[in-house]
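J.: Below: sequence and its predicted model.
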Amino acid sequence: MQERSNRKRRRREVLAGLAMILVTFSYVTSLLLDFNFVSPYATLQEDLSYLSNHVESQQISTWSWLITSLITFLAIPVFLAIFHRRLRILQYINGVWLLGASVGFLMIGIAGLELSRELAGGVLGVTENSNEETWIRLLGLFQKELDYRHIGSSFLGLFAFSLGLTRFKMKRFPIVAMILLLICGPTMIFFNWYDPDNLIRTIALAGNLIGVTIFSVRLINKGL
C-alpha cells in the first residue's frame, strides 16, 4: 500500500516538473516572438509602415501569449497536487500567483486580437493616408498589451519569490533555486514598472526562469 502511494506521488511530481518546464518554455517562446512596432527613432509613417508589413508577426505573437496563458492555467492544479498536505496555505498562494500570470497573459492575447481586428478592418490599407488618429488608436491597443505584459510578468515574479520560500518548509528544495528565486523575483517586479528595458530586469527574468527550471528538474529526477 505504501509502495503504491509512493509511486503515485512520484508520478505527480514528474508530471508537475514537466508542466512547470513547459510553462517556462512557453513563456520564453512568447518573449522571443513578442511583437513591437513602436520605435523612438522612427516617424509615425515608418511605424505604421512597419506594422502593415508585419501583420503576420503580430498575430503569431498574439496566439503565442494565448497558448502560454492556457498552459500556465492547466499547470496550476498539477502544481498544487504535489504540495497536498505539505505547505497548507503557501501552496494556494502560489496557485493564486500562477492564476494571475495566466490572466495577465490572456489579456495580452485579447488586446492583441483587438489590434488584429483593427488591422483586418483595413486601417492600414493605404499607409500614406494613415493619420495620427489611426496611429494613436493602434498605439493605445499596443500600450494595453504592454501593461498586461508587465502585470503577467509581475505575477510570475511573485510566484518565483513565493516558490523560493518553500525552502523554509521543505529542506529538500534546491538551495540554488531558492537563492535565485528570492533575489530575482522581487527584482523583476521592481524593474517591470520602474525600467522594463533595464539589463538588470533581463538578468532577473533569466534568474527566475533558471530557478524554476532547477526546481522542476529536481521534481522529475528525485522528487521532494
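T.: Right, received. Where do you want to start?

J.: and the most centrally placed residue in the chain, what element?
T.: Compute the mean C-alpha point of the chain, and by CA atoms, centre = their mean the closest residue is residue 27, 4.7 Å away. Assigned by DSSP states H and E, residue 27 belongs to helix 2-33.

J.: mind listing what's buried in that helix?
T.: Buried residues in helix 2-33, counted by 16 or more other CB atoms under 10 Å: 12-17, 19-24, 26-27, 30-31. Any C-beta I mention is one placed from the backbone N, CA and C, and that applies to glycine too.

J.: for stretch 63-82, same thing?
T.: Neighbour-count burial for stretch 63-82 [16+ other CB under 10 Å]: 64-66, 68-69, 71-73, 75-76, 78-80, 82.

J.: what are the ranges of the strands in the chain?
T.: Assigned by DSSP state E, the chain shows no strands.

J.: where exactly do the helices run in it?
T.: In the chain, the segments counted as helices under DSSP state H are 2-33, 44-53, 55-82, 89-120, 132-164, 175-194, 199-221.

J.: The last one to helix 2-33, inter-axis angle?
T.: In this structure, helix 199-221 runs at an angle of 150 degrees to helix 2-33, with axes from the mean of the first three to the mean of the last three CA atoms, to 10 degrees as the basis.

J.: From the contact counts, what lies against helix 199-221?
T.: The helices and strands touching helix 199-221, judged by 3 or more CB pairs under 8 Å, 6 or more residues apart in numbering; DSSP states H and E, are helix 2-33, helix 132-164, helix 175-194.

J.: Among these, which comes closest to residue 222?
T.: Of all the helices and strands packed on helix 199-221, helix 2-33 sits nearest to residue 222, with 8.7 Å by CB to CB.

J.: now that closest one against helix 132-164, angle please.
T.: Relative orientation of helix 2-33 versus helix 132-164 (the same axes, to 10 degrees): 150 degrees.

J.: got the contact list for the residue nearest to the centre of the chain?
T.: When contacts are counted by CB atoms under 8 Å, 6 or more residues apart in numbering, residue 27 touches 68, 72, 156, 209.

J.: so which of these comes closest to residue 8?
T.: Distances from residue 8 to those, taken by CB to CB, are shortest for residue 72, at 24.6 Å.

J.: Would you check that residue 167 makes contact with residue 180?
T.: No - if you go by CB atoms under 8 Å, residue 167 and residue 180 don't touch, sitting 11.2 Å apart.

J.: what's the burial count for the closest residue to residue 104 other than its chain neighbours?
T.: Excluding the flanking residues, the one nearest residue 104 by CB to CB, 6 or more residues apart in numbering is residue 152, at 2.6 Å. By other CB atoms under 10 Å, the residues close to residue 152 number 26.

J.: Same question for the one 3 residues further on.
T.: Using other CB under 10 Å, residue 155 has 22 neighbouring residues.

J.: got it, and residue 173?
T.: Using other CB under 10 Å, residue 173 is surrounded by 19 other residues.

J.: pull the helix or strand with minimum mean pLDDT from this protein.
T.: When each helix and strand of the chain is scored by mean pLDDT, DSSP states H and E, helix 44-53 comes last, with a mean of 68.

J.: quick revisit: of the buried residues of stretch 63-82, closest to residue 147?
T.: Nearest to residue 147 among the buried residues of stretch 63-82, counting by CB to CB, is residue 65 at 13.3 Å.

J.: Mind pulling up the pLDDT for that closest one?
T.: In this model, residue 65 is scored at 94, pLDDT.

J.: again, but for residue 15
T.: Note on residue 15: pLDDT of 89.
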